[in-house]
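# Need coordinates for the below:
(chains A, B, C and D)
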Protein chains: 4
Amino acid sequence: MASNLRRKQFALSVFDMAPTAAAALEELGASRASSPAELARCSSVVMTMLPGPREVREVVLGADGLLAHLAPGSLVMDTSTVDPATSDALAAACAEKGVGFVDAPVGRLASHAERGESLFMVGASDTDFARVRPLLEAMGSTIHHCGPPGSGTRTKLVNNHLAVLLCTLNAEALALAASFGLDLERTLEVLHGTTATNGQLKVNWPQKVLAGDTGPGFAIDLAHKDLTLIVEAGNAERVPLPMAAAGRETLSSARARGFGGKDFSALLDAQCDLSGLPPPRLKAGTPPG
Amino acid sequence: MASNLRRKQFALSVFDMAPTAAAALEELGASRASSPAELARCSSVVMTMLPGPREVREVVLGADGLLAHLAPGSLVMDTSTVDPATSDALAAACAEKGVGFVDAPVGRLASHAERGESLFMVGASDTDFARVRPLLEAMGSTIHHCGPPGSGTRTKLVNNHLAVLLCTLNAEALALAASFGLDLERTLEVLHGTTATNGQLKVNWPQKVLAGDTGPGFAIDLAHKDLTLIVEAGNAERVPLPMAAAGRETLSSARARGFGGKDFSALLDAQCDLSGLPPPRLKAGTPPG
Amino acid sequence: MASNLRRKQFALSVFDMAPTAAAALEELGASRASSPAELARCSSVVMTMLPGPREVREVVLGADGLLAHLAPGSLVMDTSTVDPATSDALAAACAEKGVGFVDAPVGRLASHAERGESLFMVGASDTDFARVRPLLEAMGSTIHHCGPPGSGTRTKLVNNHLAVLLCTLNAEALALAASFGLDLERTLEVLHGTTATNGQLKVNWPQKVLAGDTGPGFAIDLAHKDLTLIVEAGNAERVPLPMAAAGRETLSSARARGFGGKDFSALLDAQCDLSGLPPPRLKAGTPPG
Amino acid sequence: MASNLRRKQFALSVFDMAPTAAAALEELGASRASSPAELARCSSVVMTMLPGPREVREVVLGADGLLAHLAPGSLVMDTSTVDPATSDALAAACAEKGVGFVDAPVGRLASHAERGESLFMVGASDTDFARVRPLLEAMGSTIHHCGPPGSGTRTKLVNNHLAVLLCTLNAEALALAASFGLDLERTLEVLHGTTATNGQLKVNWPQKVLAGDTGPGFAIDLAHKDLTLIVEAGNAERVPLPMAAAGRETLSSARARGFGGKDFSALLDAQCDLSGLPPPRLKAGTPPG
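Sure thing, here's the model as predicted:
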């Protein structure tokens, strides 16, 4: 994502705990900050992309964090996947200091990000959205303005509820088909002609697990992390989510058995493994989707 | 389905416990049998469409049932949705008497059936499939030969596992979105641009629950019946199906609260009802899908 | 159970598909019938103990079954574990022929049955209960008259809902304790001093899985069968049972991985196996319970 | 708990966000601190009892928190229910400053605490345990030393996994019994004579929901909070907990429908409400347990 900003000629300062990541960007002409504080002092817009809520709160709100050093009129754009309460807390803290806040978590895969084809779900005021739009368009090909601050995070959780649980559903369905001795290609042909079809089964799976490629993509460990945020958000809102809760334990079981680092489509292999079934694969030469 | 056979000029005898159904077909030129036994004696191919496994076993295998009266060389085609063990038992009993057997459960809705646009998932030997194909093409526009006898039933269960559970997933996701205060149209636009999209959310829901039409379509009571067959089949095959099991209890809860007769997309309303959320609806004039 | 009837001097005729079982009873002075029909013709009270609903319906209600040959004024007592609809169907069919009906499923273990210490949950009219009471007291030490016909079956399902699911709960709790590195004996001491204690953890587990004895007792396959009856009965009554549904899939997963023949307390080992934890065992010399 | 310390003549300083709580203790002879910092400076042992992990981390580890002001050789005893990672983080931070740490969450009810009859699950070194023992014995009648620091918290989570989920199990079982039309007293008599019996059904329920008293006791909202800690701890340890996950959604559904403030035995009423069943109650005069 950052390299795409440089390619589009945006002035860029970077900080990363891992020096090699920052070094690669330096070669593309980015300058390098020695701390979040330094980054904040020299930037009008700061983007964060961090593992989870705890890290985001620390980097933005911490004693020596970004917000302590940003000037009024600057803006924080967080592209991490976090819980709604964290986005709301960031937005409130920024507003109090006269700093803009945008939550813009990313859809699609790492490979899209490299090509500048990410999808962004953006929560922002209209003014802040206009301000960050050129940056987002440098990094992504689809930009959704979902509503006010916090809406990007919330939309991302709704989106990933479906995307991840579609994998657990497809895993059950195709394991059942395998136990029934059904032909995989014929079964997929039927499913794609009815309302049973879905984006994971149609787009992701034929390129990944069904083609024998279980490298991430989007790892089961990350999908599990997102489901955790989703289930907690549902419980906070008093929306019972029994499907999500059952699905998370399915991922937990897959992680316990060593599938955590594999693509989330490999939930199929984890499911088949439980029942002693060979993992279903498309015959060579099957056209995708 | 039967009226389409008459429209295509097939000779037709009919029997139904409900006399009005048979009377309507008589007007289209069908002759009327007084019992399954009489039907069997005068037919070379007999089609059954019955509520569930118990009824099918009784009508086909019962003491005075079809098989007791069918001549060798005739054929039974069951279009009911039943469990695999029932289809297998029918196939075996027919084979023993030199009678062909085809399982051909139906996909899509009653409205498709009326227009001769049903989808059939067919389990049959190649010979039997060739024999029933003209009949199926009179009643449907998509005919899948899924494999040997029993494959139609099995494919139908895999298909409905996904189609029904997509509704429980979508219900959770859109209830979560509603509790988050997200805009429905924008959220759907995002979801349909990622792998979160699915046939129910894209095709069925915009015409049904999201448009305020919760009349069946495919009733929650029937979806519950199918999920029961699916969960039992999975347990018989020792394939754990925790998503299906959780989903069935979600439908059971919806039925207990009076939603059983509504379209299965109305699981959204049942879910929102649990959390005190107003049921999400598309604004008038939203283009479907 | 039958041998206890002989020991208490009841006249006894027996029929079993497995000749060795009947032969053993012949040695104790029972006479041997060549078919259910013959048994029915020579008996005023007939007891059945069969694997499940299908077998019971066939033996009692079938074309050449017990009821076809029993004289008015005789009585059928079914001690099998079946679904409520089956008990109700038997009761109705018996009533129509002037034959009494008692459902009296059995609690406790095979070892209790041998010692004449079974527990019976009895559904019967007061008259019929008085009639079978001496027989039940010959076979068991605890006889509960639960209500009218069908009440024994229903009480048994409620009882086994708890007894089986307690095992899945205890398995989760002790696996969690093991993953936490807690001392098993100290943890049990705490649990038995609070409301967390339960009959399985206190009585059955210290003698079985926690002592390293995973032979049945009551096998996971049978517990799975009972949970299936329970979940189906709940769905028929529109009582959502998400705990029972989740628990059944836990048993289904244990069966798929080869634990079906082990005692239902060995769900602990199945759970630990999923997480790569060694199965917890009491130190030698720990006093039971 | 604090008043029992005063009654046993321990010197006591107190701080509470709610001034009335502190005022009541002042009347018993406690002195009152104006902040956690002041409390830390004047105490050799500081006890905390707070709503959850976030509050405990802030009060103990925060910039102006207890640990910043405690002298080496002093000791922190946390009696809150938190996640294992929080107890471990507190223990490590205390150790680094030469301050002792004990986690000692409380079992039993508020009414026990008032009478000095609490149960404590204690994680501590042997030395620290000896040091806090007189304090614990002033407040409780049962003191379990579960192991090193962190063991008290972990044992509490295992204990509450069972205690809370027993309530969801009992709710399903008794709702099923009610839908079956079984007599409540007779059913309980059967259950308490088999391994289906459990501490909640035997001890808590006859005094609470079955007697028509649904005031907390231990509120569903708090039980939901504990289950959340338990499910998260299981997921962190890669121990799949499908029963706990299903149970938490059952509590989430009860909370959404307004049962959050009631005793956790009132999950029975929430379950019956879903199925349109009247809540089961013992007949007046039934002896408890």
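# Now do the worst-scoring helix or strand of chain A on mean pLDDT: everything it contacts.
Of the helices and strands making up chain A, the lowest-confidence element is helix A:110-114, at a mean of 83, by mean pLDDT, DSSP states H and E. Contacts of helix A:110-114 from elsewhere in the structure, counted by Cβ atoms under 8 Å, 6 or more residues apart in numbering or on different chains, are A:M1, A:S3, A:N4, A:V106, A:S118, A:L119, A:M139. Placement of C-beta: from N, CA and C, glycine included.
# Please apply the same query to stretch A:95-102.
A:67, A:70, A:72-78, A:90-91, A:94, A:122-125, A:127-129, A:131-132, A:149, A:152.
# swap the cut-off to 7 Å and go again
Contact with stretch A:95-102 is made by A:67, A:70, A:72-77, A:90-91, A:94, A:122-124, A:128, A:131-132, A:149, as judged by Cβ atoms under 7 Å, 6 or more residues apart in numbering or on different chains.
# So what's the gap between it and the chain middle?
24 Å (Cα atoms, centre = their mean, to the nearest Å).
# and the contacts of stretch A:95-102, which of them are in strands?
Among the contacts of stretch A:95-102, the members falling in strands (DSSP state E) are A:L75, A:V76, A:M77, A:V122, A:G123.
# Report the contact partners of the third one.
To tie it back to what came earlier, the one meant is A:M77. Residues counted as contacts of A:M77 (Cβ under 7 Å, 6+ apart) are A:V45, A:M47, A:V102, A:A104, A:V132.
# Out of those, flag the one nearest to B:R238.
Each of these was scored against B:R238 by Cβ to Cβ, and A:A104 proved nearest at 45.3 Å.
# so the closest one sits right up against A:S118, yeah?
No: distance between A:A104 and A:S118: 9.7 Å, which falls outside the contact criterion (Cβ atoms under 7 Å).
# Looking at these two, which is more packed in?
A:A104 (29 against 23; other Cβ atoms under 10 Å in any protein chain shown).
# how far off helix B:151-179 does the longest helix along chain A point, in degrees?
Using DSSP state H to define each element, chain A has its longest helix at helix A:151-179. Using axes from the mean of the first three to the mean of the last three Cα atoms, to 10 degrees, the inter-axis angle of helix A:151-179 relative to helix B:151-179 is 170 degrees.
# got the contact list for the residue sitting furthest away from the middle of chain A?
Most distant residue from the mean C-alpha position of chain A: A:G181, 35.3 Å away (Cα atoms, centre = their mean). Neighbour list for A:G181: empty [criterion: Cβ under 7 Å, 6+ apart].
# 8 Å - rerun?
Neighbour list for A:G181: B:G147, B:R154 [criterion: Cβ under 8 Å, 6+ apart].
# swap in A:P53?
Taking Cβ under 8 Å, 6+ apart, one finds A:V82, A:D83, A:T86, A:L229 in contact with A:P53.
# now, the most widely separated pair of these?
A:T86 and A:L229 (9.2 Å).
# host element of A:E58?
helix A:53-61 (DSSP states H and E).
# just the buried members of the contacts of stretch A:95-102?
A:67, A:70, A:74-77, A:90-91, A:94, A:122-124, A:128, A:131-132, A:149 (16 or more other Cβ atoms under 10 Å in any protein chain shown).
# Those residues of the stretch 51-200 of chain A touching chain D, which are they?
Selection of the stretch 51-200 of chain A residues close to chain D by Cβ under 8 Å from any Cβ of the partner chain yields A:A63.
# Quick check: residues of the stretch 51-200 of chain A near chain C?
So the stretch 51-200 of chain A never meets chain C (Cβ under 8 Å from any Cβ).
# Tell me which residue of the stretch 51-200 of chain A lies closest to chain C.
A:S179 (9.7 Å; Cβ to the nearest Cβ).
# That residue touches B:A236, doesn't it?
No: taking Cβ atoms under 8 Å as the definition, A:S179 is not a contact partner of B:A236, at 9.3 Å.
# Compare the two (neighbour count), which wins?
Per other Cβ under 10 Å, whichever of A:S179 and B:A236 has more neighbours is A:S179, with 20 against 14.
# And the strands in chain A?
A:13-14, A:31-32, A:45-48, A:75-78, A:100-103, A:106-107, A:118-123, A:140-147.
# okay if I get those as TSV plus mean pLDDT?
Below are the strands of chain A laid out as TSV (pLDDT from 0 to 100):
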stretch	mean pLDDT
strand A:13-14	94
strand A:31-32	92
strand A:45-48	97
strand A:75-78	98
strand A:100-103	98
strand A:106-107	91
strand A:118-123	96
strand A:140-147	97
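# What residues does the closest residue to A:F15 other than its chain neighbours make contact with?
Counting by Cβ to Cβ, 6 or more residues apart in numbering or on different chains, A:A33 is the residue found nearest to A:F15 once chain neighbours are left out, at 4.4 Å. The neighbours of A:A33, taking Cβ under 8 Å, 6+ apart as the test, are A:S13, A:V14, A:F15, A:L39, A:C42.
# could you flag which of those are buried?
Buried members of those, scored by 16+ other Cβ under 10 Å, are A:S13, A:V14, A:F15, A:L39.
# And the second one, how close does it get to chain D?
By that I understand A:V14. Look at A:V14 and chain D: by Cβ to the nearest Cβ, to the nearest Å, they are 29 Å apart.
# Please look at that residue and A:S34 and confirm they touch.
No: with contact defined as Cβ under 8 Å, A:V14 and A:S34 do not form a contacting pair (10.9 Å).
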